[in-house]
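S.K.: after the sequence you'll find the predicted model.
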Amino acid sequence: MGQISGSENNPPVPQEVLGINVNCCHNPECGNFCVPATITPEDINYLTTPSGKYTASLGCKECGRYSYIKSNYAIHEELFRLQSLNELSTIYRQDGRCCSRIGCKNFGNFKLNDKNSYRKRGITRAGNQRLQCQHCGLTFTLNSQKRKSHPQSKSYKNEILFKLLVNQSPINRAMEMTELSASANYKKIDMFYERCVSFVQAREE
Ligand SMILES: [Zn+2]
Ligand SMILES: [Zn+2]
């Protein structure tokens, strides 16, 4: 808003983001099909026209079709969210099943005995094996399952709370039934969510 379209800070079409550029002609019979629009004001393949107050359309000079200009960054963010990487990272870190650093090539690599992936780094006071990722250097405790029922206290309330939630019980009634504080309930709900994501991911794999 308030910027001049085509200026350096506000190019006519959004920049490519990590290989994602959806602003192109979507007509499979056109020579510009999947040819991305460039951020220069004078694109030889496309022209931009305003549509609505804050949106613009991309017009193909070859076939004449128009499509809405979309944010590549927003699409990248949505793809990232759909991968549920943050939730999986939490689960991996809590259970010590693999390296939990997003972006590390050992993220999701469960071959803990593979010497090229992980190496042993002593034993914790509780007697659990410590491991180090050979790729990024992150250390973690093998199978400690320390926070599987996070928050650790009152894990026996997990089942009843989960049943109340999936039966659409209001949150105040759930708090009364479990006699847990609001913050404890919400922490457990976060934990359920992470566990459900992990379950779905394992099933879909
Ligand atoms: Zn076209
Ligand atoms: Zn790593």
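M.R.: Here it is on my side, so go on. Ligands and ions are numbered 1, 2, ... in the order given.

S.K.: just the buried residues of the longest helix along the chain, please?
M.R.: Using DSSP state H to define each element, the chain has its longest helix at helix 182-204. Neighbour-count burial for helix 182-204, counted by 16 or more other CB atoms under 10 Å, picks out 184-185, 188, 191, 194-195, 197-198. Every C-beta, even on glycine, is put in place using the N, C-alpha and C of the backbone.

S.K.: can you put these in TSV and add distance to residue 70?
M.R.: Shown next, in TSV, are those (distance: CB to CB, whole Å):
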residue	distance to residue 70
184	41
185	38
188	38
191	35
194	30
195	33
197	26
198	31
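
S.K.: which of those residues sits closest to ligand 2?
M.R.: Distances from ligand 2 to the buried residues of helix 182-204, taken as CB to the ion, are shortest for residue 198 (18.2 Å).

S.K.: I'd guessed that closest one sits against residue 89; true?
M.R.: No: Residue 198 lies out of contact with residue 89 (CB atoms under 8 Å); the separation is 10.5 Å.

S.K.: count of neighbours near residue 40?
M.R.: By the criterion of other CB atoms under 10 Å, residue 40 has 11 neighbours.

S.K.: measure the residue of the chain most remote from its centre to ligand 2 for me?
M.R.: In terms of distance from the mean C-alpha position of the chain, residue 62 ranks first, at 37.0 Å (CA atoms, centre = their mean). Taking CB to the ion, to the nearest Å as the criterion, residue 62 is separated from ligand 2 by 47 Å.

S.K.: phi, psi of that residue?
M.R.: When read as degrees, to the nearest 10, the backbone of residue 62 gives phi -80, psi -50.

S.K.: show me the contacts for it.
M.R.: Residue 62 makes contacts with 25, 30-32, 45, as judged by CB atoms under 8 Å, 6 or more residues apart in numbering.

S.K.: for residue 16, same thing?
M.R.: Contacts for residue 16 (CB under 8 Å, 6+ apart) come out as 36, 72.

S.K.: residue 105: which of the buried residues of helix 182-204 is nearest?
M.R.: Among the buried residues of helix 182-204, residue 198 lies closest to residue 105 (CB to CB), at 19.9 Å.
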